[in-house]
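**Q** Would you be able to build a 3D model of this:
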Amino acid sequence: MREYKISFAEAREETIASTVFTTHTPVPAGNDYFDPKLMEHYFNQYYQELGLTQTEFLGLGRENPNNAAESFCMTILALKMSGHSNGVSKLHGKVSRKDVEECLARHSCKRHSNYFHHQWRTRTIVD
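**A** Prediction:
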């Protein structure tokens, strides 16, 4: 943001436009959740540098951005900062949609990515 002299809102839009989040572990135990106090301790200066309030910053990692008691979830953050999302298989996409239904209603988890991995490997071998 400093280098390009842009705001967080502008950086976020650029990030969303160019990012795909792929879930590899679509079960609750596979998602990192952090206590809001821990996030405040380690990210207090960082969110200020971004020009965000504590509520705005922590809201990026919450299904309900205004719920101060809700933990900060890295998966929710990734979904909110990605223009597209997928799973590594059709089952991952199905389970992910179920597990984070509210968030995924706003950030749809679509297709599996095995095809793309296969295409990449095939091209590498052929080339």
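
**Q** thinking Arg12 is in contact with Met81, fair?
**A** Yes. Counting by CB atoms under 8 Å, Arg12 touches Met81, with 6.7 Å between them. In this view, the C-beta of every residue, glycine as well, is placed from N, C-alpha and C.

**Q** What strand or helix carries Ala11?
**A** Assigned by DSSP states H and E, Ala11 belongs to helix 8-18.

**Q** Show me what that helix is in contact with.
**A** If you take CB atoms under 8 Å, 6 or more residues apart in numbering as the criterion, helix 8-18 is touched by 1, 4, 6, 50-52, 81-83.

**Q** how about it: buried residues?
**A** Buried residues in helix 8-18, counted by 16 or more other CB atoms under 10 Å: 8, 12.

**Q** Leaving out chain neighbours, which residue sits closest to Asp35?
**A** Leaving aside its sequence neighbours, Asp35 sits nearest to Ser71 (CB to CB, 6 or more residues apart in numbering; 6.2 Å).

**Q** contacting residues around that neighbour?
**A** Counting by CB under 8 Å, 6+ apart, Ser71 touches 33-36, 61-62.

**Q** Where neighbours are concerned, which of the residues you listed has the most?
**A** Gly61 (24 neighbours; other CB atoms under 10 Å).

**Q** Now do the residue nearest to that residue when sequence neighbours are not counted against Lys80, distance only.
**A** Spatially, and ignoring its direct neighbours in sequence, Gly61 is nearest to Phe72 (3.7 Å; CB to CB, 6+ apart). Note on Phe72: its distance to Lys80, by CB to CB, to the nearest Å, is 12 Å.

**Q** in this structure, which spans are helices?
**A** With DSSP state H, the ranges of helices along the chain come out as 8-18, 36-49, 54-59, 74-80, 90-99, 101-106, 114-126.

**Q** and the fifth one, average pLDDT?
**A** Think helix 90-99. Mean pLDDT, helix 90-99: 62.

**Q** ok, now the longest one?
**A** When pLDDT is averaged over helix 36-49, the result is 95.
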